[in-house]
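>>> Predicted structure and sequence below. I'll ask about it afterward.
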Amino acid sequence: MFTFFWMTLLFFLWGSTKNTGIRLTVESALGRPVCSGGYCITLNEGEITTEAGLCVVIPCFFTMADGFTPKAIVWFKCEPWRRRCGDSDVVFHTNRNKVPSEFLGRVLLLDPDVSQGNCSIMINDLSTSDSGSYQLRVNGFYQGTADGVTFPSRTSLSVKDLTQKPSVMIPPLTEGQQATLTCTAPGLCSGSPPKITWMWRGKGEMEVNITGNMAASFKTENLTVVTQRHSSILTFNSSAKHHNTNVTCKVSFTSGLTTEETVTLKVNYKSQPQITGNTIVKEGDDLNLTCNVESFPQSVVVWTKHSASEIYLQNNTGSATLVISNVTAPDSGRYVCTATHLNETVSAYADVKITWFSKILKGSGCVLQSALLTCVCITEGFPLPTITWPLLKDHTEYSVIKTVSNHTINDTVTIPLKNRHYVSVECYSSQGNEEAKENLTVQEDFPEKEGTFSPLPVTSALTFCAASFQMTNTFPRVTEIKL
């Protein structure tokens, strides 16, 4: 079984020429056997380069002369300039008691059955001090006498600083759904499992260990008898706060070496549309509303005016600004912002009101009849203006009738006069910071001689007030105030 595995591993390390018509063999991969006196070794006599913290396989095969029975494998490491390594240079021995502690359990024979001629070894948890020239010795019995053969061929191993990084697999992330990130340590070694930790850094924050609703689990997969894949699985519930944040997977080897990989998370999410801007605008000014939708990927934002035909106004991605210059009363109404994100649609609306204000309207005036002064003041606007009469502060006896129709207000005041006489009466109309004043001329109504004139009733002014609304279809609202 081990021989089968080694052949598989060999093809993995040196590649395959499948479908090319060329058959890859151990001899073509490692070179021709080097033989002397019937003792042969097939060994890569070039340089094998690897990195610290990982593992490496030194492939090797041997055959012995007739009459020699192999019993033990010994590997040495020494300086390349030395002709032959000595007993103090042992890194592997079939007899574990003869292996120095720094190599014990770290250097493994791929096939423990020495009789198979497989002398390949795997070195785990590499460090730069493992660089050197590796030489093989096979101990056994030759025709019943203990003997051993040290092969002159050597393999040179060069261990460089660790540059490989862990691989982090990120599936599509969606807000509100559970996410699973997988971090796999570099190398396929069966040595000491590395420690894998996760670090998370929010926007503008310090890097911290994973906490809260995040959980990590360690996993080891046995790929072959001597190769393993080590990984960590991080699970958490995705949310908008994770978007554009960094997650770091850090792998720490037993030798103290570390390597890490940082990835930026992209989470599919959307927020409710947020509308900013003044929704109450004075007539003649500009309406300026902005609808912003935070989402990934960006949403398509569309402005429409709510009506029977849903008037299309503006669209953009992520944020859309609606501008209407020199607004008038018809621009009042409901404006709807609709955001389309992937296959979902959300909306928000703003009720826009256009404020307007007019001067004192025609039809306003005063009539004096039989010492009874009746004044009418008419104005309009939105919201409704407020009408006041400055002259009332000088009177204690009067009545006020207010009539409202749509956006028009009619204020009628009646004051009995005794010893006072007015040429004009001031009407004051106000709305917010807007105001209008007008002096209403007092028209005197003198009674005619009997038989030539039918006296005008006191209520003629109120009849005149009502006449100003005869063209409207809305029934007026009348309020009478008597003091």
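Okay, I see it. Quantities reported herein were computed from a predicted structural model and do not represent experimental measurements.

>>> ranges for the helices of this structure?
Counting by DSSP state H, the segments of the chain that form helices are 2-14, 26-30, 460-467.

>>> and the closest residue to residue 317 other than its chain neighbours, how many neighbours does it have?
Spatial nearest neighbour of residue 317, chain neighbours left out: residue 298 (4.5 Å); criterion: CB to CB, 6 or more residues apart in numbering. Backbone N, C-alpha and C define where each C-beta goes, glycine included. Using other CB atoms under 10 Å, residue 298 is surrounded by 15 other residues.

>>> was I right about residue 298 contacting residue 318?
Yes - the pair residue 298 / residue 318 is scored as a contact, 4.3 Å apart, by CB atoms under 8 Å.

>>> Is residue 400 in contact with residue 415, as I believe?
No - taking contact to mean CB under 8 Å, the distance of 9.7 Å between residue 400 and residue 415 leaves them out of contact.

>>> between these two, who's got more neighbours?
Using other CB under 10 Å as the criterion, residue 400 and residue 415 rank with residue 415 on top: 23 against 18.

>>> so the more buried one touches residue 373, yeah?
Yes - counting by CB under 8 Å, residue 415 does reach residue 373; the two are 4.7 Å apart.

>>> Got the domain ranges for this protein?
Domain assignment of the chain by automatic domain parsing yields the ranges 2-160, 167-267, 271-356, 365-482.

>>> Turn the ones you listed into a markdown table, including mean pLDDT.
As requested, the domains of the chain are arranged in a markdown table below (pLDDT from 0 to 100):
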| stretch | mean pLDDT |
| --- | --- |
| domain 2-160 | 82 |
| domain 167-267 | 84 |
| domain 271-356 | 89 |
| domain 365-482 | 74 |
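
>>> would you list every one of the strands in the stretch 351-483 of the chain?
Ranges of strands within the stretch 351-483 of the chain are 365-369, 372-382, 386-388, 399-405, 408-416, 424-431, 434-444, 477-482, based on DSSP state E, counting those that start in this stretch.

>>> In terms of secondary structure, what does the third one contact?
With contacts defined as 3 or more CB pairs under 8 Å, 6 or more residues apart in numbering; DSSP states H and E, strand 386-388 has these neighbours: strand 424-431.

>>> For residue 100, what are phi and psi?
Backbone torsions for residue 100, taken as degrees, to the nearest 10, come to phi -60, psi 150.

>>> Distance of residue 123 relative to residue 317?
Residue 123 sits 56 Å away from residue 317, going by CB to CB, to the nearest Å.

>>> Go through the lengthiest strand in the chain and flag the buried ones.
The residue-count maximum for a strand in the chain (DSSP state E) belongs to strand 145-160. Of the residues in strand 145-160, those with enough neighbours to count as buried (16 or more other CB atoms under 10 Å) are 147, 149, 151, 153-155, 157, 159.

>>> and which of these is nearest residue 134?
residue 155 (4.9 Å; CB to CB).

>>> I'd say that closest one and residue 42 touch.
No - under the contact definition of CB under 8 Å, residue 155 does not touch residue 42, with a separation of 11.1 Å.

>>> anything in contact with each of these two?
Taking CB atoms under 8 Å, 6 or more residues apart in numbering as the contact criterion, the common neighbours of residue 155 and residue 42 are residue 60.

>>> contacting residues around residue 217?
Residues in contact with residue 217, defined by CB under 8 Å, 6+ apart, are 232-233, 235.

>>> And residue 352, by the same measure?
The neighbourhood of residue 352, defined by CB under 8 Å, 6+ apart, consists of 279-281, 287, 289, 331-335.

>>> coming back round to it: could you dump the contacts of residue 217 to JSON lines with neighbour count and distance to residue 177?
Written out in JSON lines, the entries for the contacts of residue 217 read as follows (neighbours: other CB atoms under 10 Å; distance: CB to CB, whole Å):
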{"residue": "232", "neighbour count": "23", "distance to residue 177": "20"}
{"residue": "233", "neighbour count": "16", "distance to residue 177": "16"}
{"residue": "235", "neighbour count": "13", "distance to residue 177": "11"}
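
>>> So which of those residues sit within strands?
Within these, membership in strands is found for 232-233, 235, as judged by DSSP E.

>>> Which of those residues sits closest to residue 95?
residue 232 (37.6 Å).

>>> partners of the closest one in the sheet?
The partner list for residue 232 in beta bridges (DSSP bridges) reads residue 183, residue 218.

>>> Isn't it up against residue 182?
Yes - with contact taken as CB under 8 Å, residue 232 and residue 182 are classed as touching, separated by 7.4 Å.
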